[in-house]
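>>> Next one to model:
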Amino acid sequence: MDDLSRVTEKFEFEDIDVLCEKKFSLLTSKISGYEPVIDFDSLDSKQSWRGANNSTFPLSFFNSKKFNFDRRYEPRREWLPFRALLYANIDSEINYLKFDYIGQVSVKLDNRYTGFGLPDSYLDKTSFILELPNNIESIKVDYRFNKVPPILWDSTLQVGYPEDPYAKLVIFGSTNGNDWSLLKNKTGPTLIFAYYLFIFNCLGLFVFTLYKKLRHISLSHFYHASFLLFLFLLHRNIDLLRELPVIGVIDISTLFLLFIAIIYFILLRKNLNNYSLLIFCYLINLLLVDYPWAKLDSYIRPGGSDSLTYESQARLIMLGDRLRGGEDIFFYSPGYRYVLNILHVFFGEKWMVAWYSL
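Numbers count the residues shown, from 1 in each chain. Take a look at the predicted model:
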């Protein structure tokens, strides 16, 4: 929820009020989303100053022009305050909950009127263990990140500012208070059946397609699959690739990837497949992106930018503005807002996903 954050007073904006902020992929849901575990943290502790752009909290709703702050000493957009209400059905065997958090947390058990308020923590990570009464079936967590005084935008302090840790909420469960694991939302039998039915259908379709293609597999198919699998494994172990040395201005990891690309094109120059080539170039591109951009996604767009305007218009379309697209008379490129909306629906909230999709 964005009700803790102030809105701009220097720019005009349009907004559609909703009880819970919406995701592009969950238009018909009354809630913002579903999470199998509560594990919201900074992706890289060294980049904590980037705020929401370094966090697993889903905060794309800040890409609205009502939060268009771009003046010195106005609120910094990546550090705007927010509130999250989280609900979970818990297993009857869970007797203890542990909260690792930065911010403000309160907990209610089985929708009771009273709950537990945990100590506020903004300067350091805090852990709090809660012993549950018997027969507790659900919890409601009210999380707030609202630093006082707020973090302000300053054009002279961009890298490494602020030094404070950003929002965090990770919930663990335990049966004995000693062995901890991430608390999982209790899954009903209908959802479990639907999940396994989906997996079975996917595997069946894959096996059927493979059976039909077995008679037509050539050496080039094997080369395509091998190169793509190798690049995928490199991407999953990208930290090992970055350990290769840099000699002067020569980056050995970049040369290694270029060597792979040359071998790929030499071996398959007569049998290039459009789909395989597209995936190959996509994976090579991901591996060539420098740190920290390969790990972080700067999807909270800067204030005063056209990109924030388009993101805001795409969100208005998603929230019900439809063909109007956020304005009666188009002052910006009319088509891009609709393209961006569709990309977010199919590929997710983050900016980098939409960019690579384009």
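>>> Okay, now the sheet partners of the host helix or strand of Ile171, with direction.
Assigned by DSSP states H and E, Ile171 falls within strand 168-174. Strand pairing for strand 168-174, using DSSP bridges, gives strand 39-40 (antiparallel), strand 96-109 (antiparallel), strand 181-182 (antiparallel).
>>> For Leu169, list the residues it contacts.
For Leu169, the contact set (CB atoms under 8 Å, 6 or more residues apart in numbering) comprises 38, 40-41, 84, 86, 99-103, 105, 141, 143. Using the backbone N, CA and C atoms, a C-beta is placed for each residue, glycine as well.
>>> Just name the closest of these to Leu288, please.
Closest approach between those and Leu288, by CB to CB: Asp41, at 27.0 Å.
>>> Excluding sequence neighbours, find me the nearest residue to that closest one.
Lys168 (5.0 Å; CB to CB, 6 or more residues apart in numbering).
>>> what's the answer for Ala88, then?
Leaving out its chain neighbours, the residue that sits closest to Ala88 by CB to CB, 6+ apart is Asn185, at 4.7 Å.
>>> Could you report the neighbour count for the one you found?
Applying other CB atoms under 10 Å, we find 18 residues neighbouring Asn185.
>>> can you confirm Phe259 is in a helix?
Yes - counting by DSSP: H, G, I helix; E, B strand; the rest coil, Phe259 is part of a helix.
>>> Just give the number of residues close to it.
By the criterion of other CB under 10 Å, Phe259 has 10 neighbours.
>>> And the one 3 residues further on, by the same measure?
As a burial measure, Ile262 scores 10 neighbours (other CB under 10 Å).
>>> Asp3 touches Arg83, doesn't it?
Yes - with contact defined as CB atoms under 8 Å, Asp3 and Arg83 form a contacting pair (6.4 Å).
>>> The two - which one has more neighbours?
Remark: of Asp3 and Arg83, Arg83 carries more neighbours, 17 against 10, as counted by other CB under 10 Å.
>>> is it true that Thr309 touches Lys65?
Yes - Thr309 is within contact range of Lys65, at 6.5 Å (criterion: CB under 8 Å).
>>> which residues of this protein score low on pLDDT?
The chain contains residues with pLDDT under 70 at 26-29, 113-114, 186-193, 195, 206, 209-217, 290-295, 351-358.
>>> buried residues in stretch 123-133?
Residues Thr126 are the ones in stretch 123-133 that count as buried (16 or more other CB atoms under 10 Å).
>>> Can you give the contact residues for it?
Under the criterion CB under 8 Å, 6+ apart, residues 94-102, 105, 107, 109, 116, 118-119, 164-165, 168, 177 lie in contact with stretch 123-133.
>>> chain center to that stretch: distance?
When distances are taken as CA atoms, centre = their mean, to the nearest Å, stretch 123-133 is centred 25 Å away from the chain's centroid.
>>> returning to that earlier point: can you give me the distance of the residue nearest to Asp41 to Tyr143?
Look at Lys168 and Tyr143: by CB to CB, to the nearest Å, they are 10 Å apart.
>>> overlap in contacts of those two?
When contacts are counted by CB under 8 Å, 6+ apart, Lys168 and Tyr143 have Tyr101, Gly103 as shared neighbours.
>>> Per the annotation, how does the chain divide into domains?
Domain assignment for the chain by automatic domain parsing gives 39-182, 188-215.
>>> just the ones you listed: most buried one?
Most buried of the domains of the chain by mean neighbour count (mean count of other CB atoms under 10 Å) is domain 39-182; its value is a mean of 16.
>>> Span of that domain from start to end?
Domain 39-182 has an end-to-end distance of 8 Å (CA to CA, to the nearest Å).
>>> Regarding Pro162, which helix or strand does it belong to?
Per DSSP H and E, there is no helix or strand for Pro162.
>>> what's the closest non-adjacent residue to it?
Ile151 (5.2 Å).
>>> what are the ranges of the helices in the stretch 201-350 of the chain?
Shown for the stretch 201-350 of the chain, the helices assigned by DSSP state H, counting those that start in this stretch span residues 219-236, 238-242, 252-267, 274-288, 306-316, 336-347.
>>> To Trp79, which of these lies closest?
The minimum distance between Trp79 and the helices of the stretch 201-350 of the chain falls on helix 306-316, with 15.8 Å, by CB to CB.
>>> May I see the buried residues of that closest one?
Per 16+ other CB under 10 Å, helix 306-316 contains these buried residues: Leu308, Thr309, Tyr310, Glu311, Ser312, Gln313, Ala314, Arg315, Leu316.
>>> List of residues touching it?
By CB under 8 Å, 6+ apart, the list of residues contacting helix 306-316 from outside reads 13-14, 16, 60-61, 63-65, 68, 301-302, 325-327, 332, 336-338, 340-341, 344, 351.
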